[in-house]
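> below are the sequence and a predicted model for it; my questions follow.
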Amino acid sequence: MIKLSYILSLIILCFSQRVYLNAQAVPLPAAHAHNDYNHERPLLDALTYGFTSIEVDVLLIDGELYVGHEMPESSIHNLNTLNELYLKPLDSIIGLNRGFLFPEYRELCYLMIDIKSNPYETYALLYEQLATYKSWIYSPKLNPAGKVVVFLSGNRPVDEVINDPDQLLSLDGRPDDLGKGYTKTQMPVVSQAFYLYSQWRGVGEMNTEDKAGIKSLAEAVHLEDKKLRLWAHPDNIHAWELLQDLGVDIINSDDLVGVYQYFLDK
């Protein structure tokens, strides 16, 4: 069940002033809230600290989409639905902000949905649910004025997304997808595990070879006008700064407050 404190926070968020409590927060174009649902107030905490990219894992269970990383052992569970925890609140906030996620921010924001169950069955229901919110989802065909890009990661239904004539959703790319002709709209972000490029722990200096590998990847991603995100990297200020210097566009983090302060201090 959704916590009462979350519901109250959402009510306050939506009706205080005209928009919500993070009206003074600075939107951070390079900040990605990894596994956002693990925070005390899913979605709301990330928005409070200006995160413009938010990640949520989804599972298809008994004909409904739930937020979670692993399948529950029993049909009796306390997982919240994607619709209640993310889609409805986003719809309310964007509606009150007259089409935007942040009051004064006009750039695209991102919702990354990481599919943890069967890609095709999950996609079918996910598409159905998201289609009801197409007024704020960016789609070059259906809604070029939309301000939230919804892109799919994890168990990706690649062919279904690419062949969708309405282009409602996008894909989270992989380095192996580079050079295959996927457009920026079809695949706005390319993501990969940091540990495939370096075993650096965020202390001291990263070796020259590792730096060169990450920089080369960033250059290849940028040639296709896409953004690079690495995950499972050290989550500290030294790592954030180095990754940005090497060309990583999106800082993947669980430390909402730390990342917010890091960008404010830059």
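Cool, got the structure.

> ramachandran angles for the nearest residue to Tyr120 once chain neighbours are set aside?
Nearest residue to Tyr120, sequence neighbours excluded (CB to CB, 6 or more residues apart in numbering): Pro157, at 5.5 Å. C-beta coordinates here come from the backbone N, C-alpha and C atoms, glycine included. The phi/psi pair for Pro157 (degrees, to the nearest 10) reads phi -90, psi 70.

> repeat for Leu256
The phi/psi pair for Leu256 (degrees, to the nearest 10) is phi -60, psi -50.

> quick one: pLDDT of the residue nearest to Tyr120?
Listed pLDDT for Pro157 reads 98.

> now do the one 3 residues further on
Reading off the confidence values, Glu160 has pLDDT 98.

> ok so, going back, who's in contact with the residue nearest to Tyr120?
Going by CB atoms under 8 Å, 6 or more residues apart in numbering, Pro157 touches 115, 119-120, 122-123.

> now swap in His222 and tell me
Contacts here follow CB under 8 Å, 6+ apart; on that basis His222 touches 228, 247.

> do a quick rundown of the helices in the stretch 1-150 of the chain.
4-15, 44-48, 82, 88-96, 119-131 (DSSP state H, counting those that start in this stretch).

> over to the stretch 151-266 of the chain?
Using DSSP H, counting those that start in this stretch, helices in the stretch 151-266 of the chain cover 158-162, 208-223, 237-245, 256-265.

> before we move on, the earlier item: I'd like the contacts of Pro157 as a markdown table, with distance to Ile61, neighbour count and pLDDT appended.
Shown next, in a markdown table, are those (distance: CB to CB, whole Å; neighbours: other CB atoms under 10 Å; pLDDT from 0 to 100):
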| residue | distance to Ile61 | neighbour count | pLDDT |
| --- | --- | --- | --- |
| Ile115 | 13 | 23 | 98 |
| Pro119 | 15 | 20 | 98 |
| Tyr120 | 16 | 13 | 98 |
| Thr122 | 10 | 21 | 98 |
| Tyr123 | 15 | 22 | 98 |
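
> turn those into a markdown table, including distance to Asp62.
Below are the contacts of Pro157 laid out as a markdown table (distance: CB to CB, whole Å):
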| residue | distance to Asp62 |
| --- | --- |
| Ile115 | 16 |
| Pro119 | 18 |
| Tyr120 | 17 |
| Thr122 | 13 |
| Tyr123 | 17 |
